[in-house]
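Asks: model the following, please.
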Amino acid sequence: MERPSQVTIVVILIWLGFALTVAGAIAVILVGTGIAASDQAAVAEQLKNLDLPQEWATTIGPIVIVTGALFFVVAIIEAIFAIAIGRGSNIARILLTILIAIRLAGGLVFILTSWGASSFTFGIFLDMGLGIIVLFLLFNHASNQFFTDRVARA
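Replies: The predicted structure is shown next:
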């Protein structure tokens, strides 16, 4: 069976997420490198302004760099999902559904616990909306046939 356009849209969305994650990882690593190369007294002062422990001044740069490296791991996982779903893997579809459900629950908890703090609310609503759209695209009639036909042939 030929891959339905709905599944192709999901694969494109996953690849876009991959690209954004890689860009974010690079940015985070650059920021961490900048923090690590900065004057420790200036970093301690900024931490003090943010009401964070000043003792973090020597470790915050490397921690941010490691966080950026972890974003690369997430990007690799996204690429694996894009490839597997594009090939019709029902297991990848189920795992992606579980991950989207966890993200939706986390977004809902964030919205309920930080209502009124508008700094990230738009992004959370956007992420949740895209997650719901992906679920609809993955579980419509044509997509179900595509994934179940792949399982039946295997």
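
Asks: now the helix ranked longest in the chain: buried residues?
Replies: In the chain, assigned by DSSP state H, the helix with the most residues is helix 5-37. By 16 or more other C-beta atoms under 10 Å, the buried positions in helix 5-37 come out as 6-7, 10-11, 13-15, 17-18, 21-22, 25, 28-29, 32, 35-36. Heads up, the C-betas are built off the backbone N, CA and C, glycines and all.

Asks: now stretch 86-96
Replies: Quick answer for stretch 86-96 (16+ other C-beta under 10 Å): G86, G88, S89, N90, A92, R93, L95, L96.

Asks: which residues are in contact with the first one?
Replies: It refers to G86. G86 sits next to R3, V7, T8, V11 when contact means C-beta atoms under 8 Å, 6 or more residues apart in numbering.

Asks: ok, and the closest non-adjacent residue to the second one?
Replies: With sequence-adjacent residues excluded and distances taken as C-beta to C-beta, 6 or more residues apart in numbering, V7 is closest to S143, at 5.4 Å.

Asks: that older thread, now the two most distant members of the contacts of G86.
Replies: Farthest pair in the contacts of G86 (C-beta to C-beta) is R3 and V11. Separation: 8.3 Å.

Asks: pull the number of nearby residues for the residue nearest to V22 when sequence neighbours are not counted.
Replies: Spatial nearest neighbour of V22, excluding adjacent residues (C-beta to C-beta, 6+ apart): A75 at 4.9 Å. A75 is flanked by 19 other residues according to other C-beta atoms under 10 Å.

Asks: relative to the whole chain's centre, how far out is the helix or strand hosting A75?
Replies: Per DSSP states H and E, A75 falls inside helix 60-86. From the chain centre to the centre of helix 60-86 is a distance of 8 Å (C-alpha atoms, centre = their mean, to the nearest Å).

Asks: could you check the angle it makes with helix 5-37?
Replies: Per axes from the mean of the first three to the mean of the last three C-alpha atoms, to 10 degrees, the angle that helix 60-86 makes with helix 5-37 is 170 degrees.
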